[in-house]
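Peer 1: Sequence plus predicted model, see below.
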Amino acid sequence: MSLIRKFLNNKYFIILTYFFTLVCWYFKIQTPALIYASLAIVLIIMTDASRINIVTIIFAGIINYRETSYENNYLIYLIIGGIIVPFMFFDLYRQGLKYKNSILIAMIIFLLANILSMVNITKETLAYGLSGIAQNAAFCLLFLYIWNIRKKEDYKFIGKSATYLSIAISIQVLIFLLTYEGEVLNKNIFLGWSASNTLAMIYLLLIPMTIYLYIENQKRIFLLPILIIDIAVIILTFCKGAYLTLAILFIPMVFYMRKFVKDRRRFTRNLLVMAGMMVLFLAIVFSVTSIREGFVNYFSQMAERGWFNDKARIEILKYGASVFKKFPLFGSGSFTSTPYLVFNGYKPSLKHYHNIIIQNLATMGIFGLLAFGNYLIQIFRKAKPNHFYNISVLFAVLSMLIHGMVDSTWHNPIIFIIMTIYLTCLVDKKEII
């Protein structure tokens, strides 16, 4: 057991986990990666390895290839949940359960809003409503577990894990670009677990953590190329919501970086070097004909459609508002945006109302929006900007709020999983040395 525990606590476990996940992703096989993740979590608990290593399993699981339909997913996830959850509860019981956390309470209230939305559920939307409730219950359990098992300075591991995740995703994007067979790359990055917009959202969440690692130790120059690649991939997603978010948050982030960094002269030099590297990297990327043509075509289309004054997007928002008017108090049901959009003639691939406010109002009504607002308030109350990890989390939250005005960021399960993990390790005042 001691040898297994030693390996699970080693960096080679992280490398193996991501390598195995990338192999499964490349060959488009879901089940082996899920089995590996389940066994790894059980072994971490049974061998009494550092529990925060479970974050590595969760982050790697996010980027595995998977079936996107409920029909192909619910059974395997039910089986895996049935295996893992008892071990998690046993671990919590053994270590002593804590539950007095304002963010956790806010998440439970939001879960209650999901449950109350079932009053307006129909036979056709029942499966979606139940899925939404189960999903939010899982988020609450995830927060409860990691917050209970976290140790002092585990936030550093979270920052490193987020950076590992960004590197793994960048490898997937590189493989995709090298094997891309289309003539023009135009918002066409499909990785099997995400499309362009989701990819941009995730990078917006991961970038603040890589910045945190750099601010913590300016000698980590190797983080600068990682940041450059992250931003470059966001540009390649052709996601205008992400462009807007970067434009709004860039100057405030630089301000806080300069405030917390130890050597400001080195920081300025590194920032200039990074800018030069970014220009060079983009010049190389856009020398590829398919990328250059895709960029020109996309922005031409956006100019014709009116950028953020997109008539198609506005119609979706209006329809979401009409669903809210029909079910003003508790909404149409948790996670029911997909069937309602299909009922109205939209494609099944359209899963959200492209605005977090409309999404909350349409699916969970006024009660849901108030519950979500309370959740955000508790985050800002808890994440005091006295440590750069907390500031990084706040920038991640702000990025999802800004991007959420043109997309349903917070209602994407991947986004909520990453954010939940971030929030479990917010730095208390007593932890600051």
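Peer 2: Received, thanks. Note that this is a predicted model, so its numbers are computed, not measured. Numbers count the residues shown, from 1 in each chain.

Peer 1: Please save the CA atoms from stretch 258-273 in PDB.
Peer 2: Listed next in PDB are the C-alpha coordinates belonging to stretch 258-273 (Å, rounded to 0.1, in the frame of the first residue of the first chain):
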ATOM      1  CA  ARG A 258       1.900  44.400 -10.800                       C
ATOM      2  CA  LYS A 259       0.500  45.100  -7.300                       C
ATOM      3  CA  PHE A 260       1.300  41.600  -6.000                       C
ATOM      4  CA  VAL A 261       4.500  40.700  -7.900                       C
ATOM      5  CA  LYS A 262       7.700  40.900  -5.900                       C
ATOM      6  CA  ASP A 263      10.100  42.200  -8.700                       C
ATOM      7  CA  ARG A 264       8.200  44.800 -10.800                       C
ATOM      8  CA  ARG A 265      11.100  45.500 -13.100                       C
ATOM      9  CA  ARG A 266      11.400  41.800 -13.900                       C
ATOM     10  CA  PHE A 267       7.600  41.700 -14.400                       C
ATOM     11  CA  THR A 268       7.700  44.600 -16.900                       C
ATOM     12  CA  ARG A 269      10.600  42.900 -18.800                       C
ATOM     13  CA  ASN A 270       8.700  39.600 -18.900                       C
ATOM     14  CA  LEU A 271       5.500  41.300 -20.000                       C
ATOM     15  CA  LEU A 272       7.400  42.900 -22.900                       C
ATOM     16  CA  VAL A 273       9.000  39.600 -23.800                       C
END
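
Peer 1: in that stretch, what's buried?
Peer 2: V261, F267, N270 (16 or more other C-beta atoms under 10 Å). Heads up, the C-betas are built off the backbone N, CA and C, glycines and all.

Peer 1: and what of stretch 209-223?
Peer 2: So, applying 16+ other C-beta under 10 Å, buried residues of stretch 209-223: M209, T210, I211, Y212, L213, Y214, I215, E216, L223.

Peer 1: Next, the contact list for L165, please.
Peer 2: Applying C-beta atoms under 8 Å, 6 or more residues apart in numbering to L165 gives the contacts F59, A60, I62, I63, L206.

Peer 1: How much space separates the fourth one from I44?
Peer 2: If you measure I63 against I44 using C-beta to C-beta, to the nearest Å, the figure is 20 Å.

Peer 1: where along the stretch 251-400 of the chain do the helices fall?
Peer 2: Secondary structure of the stretch 251-400 of the chain (DSSP state H, counting those that start in this stretch): helices at 264-285, 289-305, 311-326, 337-343, 356-382, 388-403.

Peer 1: Can you tell me which of those helices is nearest to N114?
Peer 2: Smallest distance to N114 across these (C-beta to C-beta): 6.5 Å, for helix 356-382.

Peer 1: List the buried residues of that closest one.
Peer 2: In helix 356-382, counting by 16+ other C-beta under 10 Å, buried: 356-369, 371-372, 374-376, 378-379, 382.

Peer 1: what's the answer for stretch 180-200, then?
Peer 2: Within stretch 180-200, the residues scored as buried using 16+ other C-beta under 10 Å are 180, 184-189, 191-200.

Peer 1: Please state the offset of that stretch from the chain centre?
Peer 2: Between the centre of stretch 180-200 and the centre of its chain there are 17 Å (C-alpha atoms, centre = their mean, to the nearest Å).

Peer 1: Do me a favour and average the pLDDT over it.
Peer 2: Stretch 180-200 shows a mean pLDDT of 84.

Peer 1: Check stretch 330-339 too.
Peer 2: 93.

Peer 1: what's next to it, contact-wise?
Peer 2: Taking C-beta under 8 Å, 6+ apart as the rule, stretch 330-339 contacts 113-122, 124-125, 128-129, 131-133, 135-136, 320, 323-324, 326, 340, 348, 350-353, 359-365, 367-368, 408, 411.

Peer 1: Y319 and N344 touch, don't they?
Peer 2: Yes - contact criterion C-beta atoms under 8 Å: Y319 and N344 qualify, at 5.7 Å.

Peer 1: if I look at these two, which residues touch both of them?
Peer 2: In contact with both Y319 and N344: no residue, using C-beta under 8 Å, 6+ apart.

Peer 1: Between those two, which is the more surrounded one?
Peer 2: Y319 (20 against 14; other C-beta atoms under 10 Å).

Peer 1: Tell me how far that one lies from M364.
Peer 2: Look at Y319 and M364: by C-beta to C-beta, they are 17 Å apart.

Peer 1: Let me know the closest of the buried residues of stretch 258-273 to D230.
Peer 2: Distances from D230 to these, taken by C-beta to C-beta, are shortest for N270, at 15.8 Å.

Peer 1: for the stretch 51-200 of the chain, what are the low-confidence residue spans?
Peer 2: 67-75 (pLDDT under 70).
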